[in-house]
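# what's the 3D shape of this:
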Amino acid sequence: MSRYRRIRVPGGTFFFTVNCARRRGHRLLIEHVALLGASMRAVKTAHPFQVDAIVVLPEHLHCVLTLPPGDTDYAMRWGLIKAGFSRALRAEETRSASRQRRGERGIWQRRFWEHGIRDDLDFQRHVDYVHWNPVKHGWVTRVRDWPYSSFHRYVAQGLLPEDWAWESADDLDTGE
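Below you'll find the model as predicted:
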């Protein structure tokens, strides 16, 4: 079994991309966004973390989260979130022989992608990227029109204007 080298920063802040196994034409996450939210809240209660920014798209999500001081185990949290969401759904998906042998569902890609946030500018660029993502993928033409995003919390808290990034997102390069 491969052992991935993960960034270990106690109490660190990280950007994540978590993908469904099926990407093309798949709308699972937005069709069951309430179940995903419930799974995240359950894990957050048992294993605290702070969601700094999140966007849920039809077949993947991006999230910036911060772990509590001294804690490095974001992989366990994502595993529990994915498992809780999967258990809440009826088993209807097709599964490869490999997944069947392992007793796995065919909902999520096995891995996720993470990036350790380095500084305030890196944080801001990744939060902006999270909020801009529905426009980038062509789901909406304005950030404010995508309902499954922490952008609306940022607007309510006065951190961003409702028409943020309406003209251009040329400066949203996260360097990834």
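# please make it C-alpha for all contacts and neighbour counts, starting now.
OK.
# the helices in the protein, which residues?
28-31, 33-46, 74-88, 97-102, 120-136, 151-156 (DSSP state H).
# return the member of those having the minimum mean pLDDT.
Looking at the helices of the chain, the lowest mean pLDDT belongs to helix 97-102 (a mean of 57).
# list the buried ones in stretch 30-43?
Neighbour-count burial for stretch 30-43, counted by 16 or more other C-alpha atoms under 10 Å, picks out I30, V33, L35, L36, S39, M40, V43.
# can you say which of the helices of the chain is packed in most?
Among the helices of the chain, helix 120-136 has the highest mean neighbour count (mean count of other C-alpha atoms under 10 Å), at a mean of 20.
# chain center to that one: distance?
Its chain's C-alpha centre and that of helix 120-136 lie 12 Å apart, by C-alpha atoms, centre = their mean, to the nearest Å.
# same check on stretch 114-121?
15 Å.
# who touches the closest residue to V18 other than its chain neighbours in this structure?
Using C-alpha to C-alpha, 6 or more residues apart in numbering and skipping the chain neighbours, the partner closest in space to V18 is F112 (4.9 Å). By C-alpha atoms under 8 Å, 6 or more residues apart in numbering, the residues touching F112 are F16, T17, V18, N19.
# JSON lines please, covering those and showing neighbour count and distance to D128.
Below are the contacts of F112 laid out as JSON lines (neighbours: other C-alpha atoms under 10 Å; distance: C-alpha to C-alpha, whole Å):
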{"residue": "F16", "neighbour count": "20", "distance to D128": "14"}
{"residue": "T17", "neighbour count": "16", "distance to D128": "14"}
{"residue": "V18", "neighbour count": "20", "distance to D128": "17"}
{"residue": "N19", "neighbour count": "21", "distance to D128": "19"}
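# dump those into a markdown table; add distance to L67 and pLDDT as well.
Shown next, in a markdown table, are the contacts of F112 (distance: C-alpha to C-alpha, whole Å; pLDDT from 0 to 100):
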| residue | distance to L67 | pLDDT |
| --- | --- | --- |
| F16 | 13 | 98 |
| T17 | 16 | 98 |
| V18 | 17 | 97 |
| N19 | 21 | 95 |
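# JSON lines please, covering these and showing distance to E59.
Listed next are these as JSON lines, based on distance: C-alpha to C-alpha, whole Å:
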{"residue": "F16", "distance to E59": "14"}
{"residue": "T17", "distance to E59": "11"}
{"residue": "V18", "distance to E59": "9"}
{"residue": "N19", "distance to E59": "6"}
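# please consider this matter closed, and thank you.
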